Structures are given as structure tokens and as C-alpha cells.
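Enquirer: My questions concern the predicted model and sequence given below.
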Amino acid sequence: MALDQSFVGRSYPPTDPYEVGREKIREFAEAVGDPNPAYTDAEAAKAFGHSDVIAPPTFVFTITFKAAGQVIQDPQLGLDYSRVVHGDQKFAYTRPVRAGDRLTVTSTIEAIKSLAGNDILDIRGEVHDEAGEHVVTAWTKLVARAAEEG
Amino acid sequence: MTAKIAYEDVEVGTELPAQAFPVTRATLVQYAGASGDFNPIHWNEKFAVEVGLPDVIAHGMFTMAEAIRVVTDWVGDPGAVVEYGVRFTKPVVVPNDDTGATIDVSAKVGAKLDDNTVRVDLTAMSAGQKVLGMSRAVVRLA
């Protein structure tokens, strides 16, 4: 069942702020096995010109994907999440995410395509800090595989 | 931003030091907890097989996180990454044994851009398969 094209361009309300914790960054950096001191040592981060420890580049996905739940679970859109795989992922950064940030995400449906029975959904998540300044944009392509016959 | 690699010292074709990243079931459980992605295809073999996968597979975002380390280890400051994008082409299959799987990442400079930035083209392989496609990062150098 192809998704409704009229959803292209639809934006969802900004999420409540997510406060980026120092220990959450450490936990994430340990989980990906990355010993870069910019993630755990505020002095090392300052030596790179940052005001506090920063998060690994892909950390923000944990926030934007949760925000994309507004789209994925929109009953009017009707995406079959049980058949969804992650196709592409891209980030464009104005600055790195850092400890203490309070981030909101605004999700927008950029494109809906149907290809060989697969539904392809492009979601853009704009991430802003408490001052309203842009931090990073995340583009997530989800592919809902065609349902099998019978 | 202080990158330890100077723009002047880099040419198109310059290779970054390649790295191999091990991934076991324990790695995936730890990543699930840290990222909040508890999809059972990343830790439950029975479930993974039932939905048509050969075995438990790594989170695509875990592979993406490992691949960029070749770039951030090269420049020093992870905040120097301006853009980063990948396509998930094949899953990283992680068997339930002592060794798990390995993600081999190589990278080279694909283009020199404006404002002291370069485009780095990444290649990520696991078990002979290309697991990331169109994998590119733009990074600001000193």
C-alpha cells in the first residue's frame, strides 16, 4: 500500500528539549569503543576549542530517531514499521553536540517514493539548541519493504 | 577547531590510516543500551532468523559510528566533522562465538573543497562484503 504523497513537506511540532548529559556521552563513546578524549575530558575538549566535552558525530541520531517516531507512528501516514529498514543516514553539522545542550528536534517528511512495492520515506530532523541556534541536521531514509504475497 | 592535519599537506588520493573494528554480541548489547535501540535483530538470534536474516546483525548506526573513527582519529578533533553520510548496503553479521565480526575501514581524500575542508571517501567491509556505500565525510583541516 503506497504512502500518501500529500504528506510530503509535512512538519511535526518540535520535541521537548533533550538535555545532553556528560555521562551519557561517556556511555555512548564507550559503547562504540572510541577513546577520543574530547568525549570524556573537558580539558581535552577545551584544547580543541570546545566549551565542554562533545558527543561523537553519530550520537545525535539517538535523539533525532526518537523524534522521528512522531512520523513513523503517525497513524494517518500508516507506515508498516515491522517492515522498515534503515537505508541511508546523513548529518550536516553547524557545530558538535556538547554536554549541557538542551536540544529540540523538528521532523519534516522530505520525500515519499514507491519503488518496486517498497515505500521509501525521507525524514529531515533539524536540531536546535536552547538559544534557537542550529546545531545539526539529520537526514534519515527509511525503506518499508513490500509485503510478501500470501 | 584545531585539527592536527594541515589542509596544505593533503592531496586528492591521500590515504588515511585504515583500522579494523571488532564487534561481538557483547558489543551489540552495550550499543543497544547506550543508543536506546533495542530492536531484537541486534541481540536475539531466534528473532533475527524468523524475520529472514542469516543471524544477529550489528546496528547500522554502530557501523556508521565505527567508520567515522578513521576520520576523527586522523584529525584529532571530532568537532572538525562538518558532514557525514552513509548508505547501509549489507548487514554486518555477528555470530555468537568468541570472535564475532570485524569491520575493516579504509579511507582516502576524494576532493579538496573550500574553506580548508576536504571530502573523505570511506570504505567499510565485513566478511568480504561492502557494508557501507556512498560513505563520505567532509572535515575541516587546520
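Expert: On my side now, so go ahead.

Enquirer: Wait, a helix at A:Ser82?
Expert: Yes: per DSSP: H, G, I helix; E, B strand; the rest coil, A:Ser82 lies within a helix segment.

Enquirer: residue contacts, it?
Expert: Neighbour list for A:Ser82: empty [criterion: CB atoms under 8 Å, 6 or more residues apart in numbering or on different chains]. All C-beta spots, glycine's among them, are computed from the backbone N, C-alpha and C.

Enquirer: quick one: is the longest helix seen in chain B near chain A?
Expert: For chain B, the helix with the greatest residue count under DSSP state H is helix B:25-35. Yes: contact of helix B:25-35 with chain A is found when judged by CB under 8 Å from any CB of the partner chain, involving B:27, B:30-31, B:33-35.

Enquirer: Looking at these, spot the one nearest chain A.
Expert: Comparing those against chain A with CB to the nearest CB picks out B:Ala34 as the nearest, at 3.5 Å.

Enquirer: On the three-state scheme, B:Leu53 is what?
Expert: Reducing the assignment at B:Leu53 to three states with three-state DSSP gives coil.

Enquirer: Show me which residues of chain A sit near chain B.
Expert: Chain A comes close to chain B at residues A:27-28, A:30-34, A:36, A:38-39, A:47-50, A:54, A:56-58, A:61-62, A:65-66, A:85-93, A:95-96, A:139, as judged by CB under 8 Å from any CB.

Enquirer: In ChimeraX, select just the buried ones from the residues of helix B:25-35 next to chain A.
Expert: To isolate the buried members of the residues of helix B:25-35 next to chain A in ChimeraX, using 16 or more other CB atoms under 10 Å in any protein chain shown:
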select /B:27,30,31,34,35
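
Enquirer: Reformat the residues of helix B:25-35 next to chain A as TSV; add pLDDT and distance to A:Ile72.
Expert: Listed next are the residues of helix B:25-35 next to chain A as TSV, based on pLDDT from 0 to 100; distance: CB to CB, whole Å:
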residue	pLDDT	distance to A:Ile72
B:Thr27	98	26
B:Gln30	98	25
B:Tyr31	98	21
B:Gly33	98	21
B:Ala34	98	21
B:Ser35	97	16
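
Enquirer: Which helix or strand in chain B has the lowest average pLDDT?
Expert: helix B:45-50 (a mean of 95; mean pLDDT, DSSP states H and E).

Enquirer: and the helix or strand harbouring A:Glu126, which strands flank it?
Expert: Taking DSSP states H and E as the definition, one finds A:Glu126 inside strand A:118-128. Strand A:118-128 pairs in its sheet with strand A:102-115 (antiparallel), strand A:134-144 (antiparallel), by DSSP bridges.

Enquirer: where does chain A dip in pLDDT?
Expert: Along chain A, the model assigns pLDDT under 70 to residues A:1, A:148-150.

Enquirer: what's the longest helix in it?
Expert: Ordering each helix of chain A by length in residues (DSSP H) puts helix A:61-72 first.

Enquirer: what residue ranges in chain B score low on pLDDT?
Expert: In chain B (pLDDT under 70), the answer is B:1-3.
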